[in-house]
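**Student:** Give the three-dimensional model of this entry:
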Amino acid sequence: MEQEIIRRERELEAQVKQPAKAEKYRMETLAAAQKNKLILEAEALAEAIRARGEAEAFAINAKAQADAEAMQKKAAAWEKYQGAAVVDMVLQALPRIAAEVAAPLANVDKVTMVAGECGGKAGQWEGARQ
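**Tutor:** Predicted coordinates:
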């Protein structure tokens, strides 16, 4: 009878307990591998975001430096050619100013010119000398 109990325990151990332990170990190993995979993916994503941010910061810095250098060169040129620089600035601004002044006239349908009190010609001011 005791032999039968020992045999059944061994059979239980071989058929149930050992496969269960093996399955548990397999599941734990898979879970650990999945966890490591997720950690590595998150670290890679964080590194990519950091690298992209650094690249954008570098580009912004390079553009700012280029703009500053251009402004310094422009300031030096203006200083060297003071009168010409002012004329250049005015000439560059004139088309924008003319467009702003002319914009309201685009909506005018009709212009009526009226002669003065004394029958003056159109285009003459009242009281103007002849």
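
**Student:** C-alpha only now, for contacts and for neighbours.
**Tutor:** Noted.

**Student:** and Ala102, what helix or strand is that in?
**Tutor:** Counting by DSSP states H and E, the element that carries Ala102 is helix 82-102.

**Student:** which other helices and strands contact that helix?
**Tutor:** With contacts taken as 3 or more CA pairs under 8 Å, 6 or more residues apart in numbering; DSSP states H and E, helix 82-102 sits against helix 18-80.

**Student:** Mean confidence (pLDDT) on the helix it packs on, please.
**Tutor:** The average pLDDT within helix 18-80 is 93.

**Student:** So which elements touch it?
**Tutor:** helix 82-102.

**Student:** Tell me the buried residues in the helix it packs on?
**Tutor:** Neighbour-count burial for helix 82-102, with 16 or more other CA atoms under 10 Å as criterion, is recorded at Ala85.

**Student:** For it, C-alpha coordinates in PDB please.
**Tutor:** Extracted in PDB, the C-alpha atoms of helix 82-102 (Å, rounded to 0.1, in the frame of the first residue of the first chain):
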ATOM      1  CA  GLN A  82      23.600 106.600 -44.500                       C
ATOM      2  CA  GLY A  83      21.800 108.800 -47.100                       C
ATOM      3  CA  ALA A  84      21.700 106.100 -49.700                       C
ATOM      4  CA  ALA A  85      20.300 103.700 -47.100                       C
ATOM      5  CA  VAL A  86      17.400 106.000 -46.200                       C
ATOM      6  CA  VAL A  87      16.600 106.500 -49.900                       C
ATOM      7  CA  ASP A  88      16.700 102.800 -50.400                       C
ATOM      8  CA  MET A  89      14.400 102.200 -47.500                       C
ATOM      9  CA  VAL A  90      11.900 104.800 -48.800                       C
ATOM     10  CA  LEU A  91      12.000 103.400 -52.300                       C
ATOM     11  CA  GLN A  92      11.300  99.900 -51.000                       C
ATOM     12  CA  ALA A  93       8.400 101.200 -48.900                       C
ATOM     13  CA  LEU A  94       6.800 103.400 -51.600                       C
ATOM     14  CA  PRO A  95       5.000 100.600 -53.500                       C
ATOM     15  CA  ARG A  96       3.400  99.400 -50.200                       C
ATOM     16  CA  ILE A  97       2.400 102.900 -49.300                       C
ATOM     17  CA  ALA A  98       1.000 103.600 -52.800                       C
ATOM     18  CA  ALA A  99      -1.000 100.400 -52.600                       C
ATOM     19  CA  GLU A 100      -2.400 101.300 -49.200                       C
ATOM     20  CA  VAL A 101      -3.400 104.800 -50.400                       C
ATOM     21  CA  ALA A 102      -4.900 103.600 -53.700                       C
END
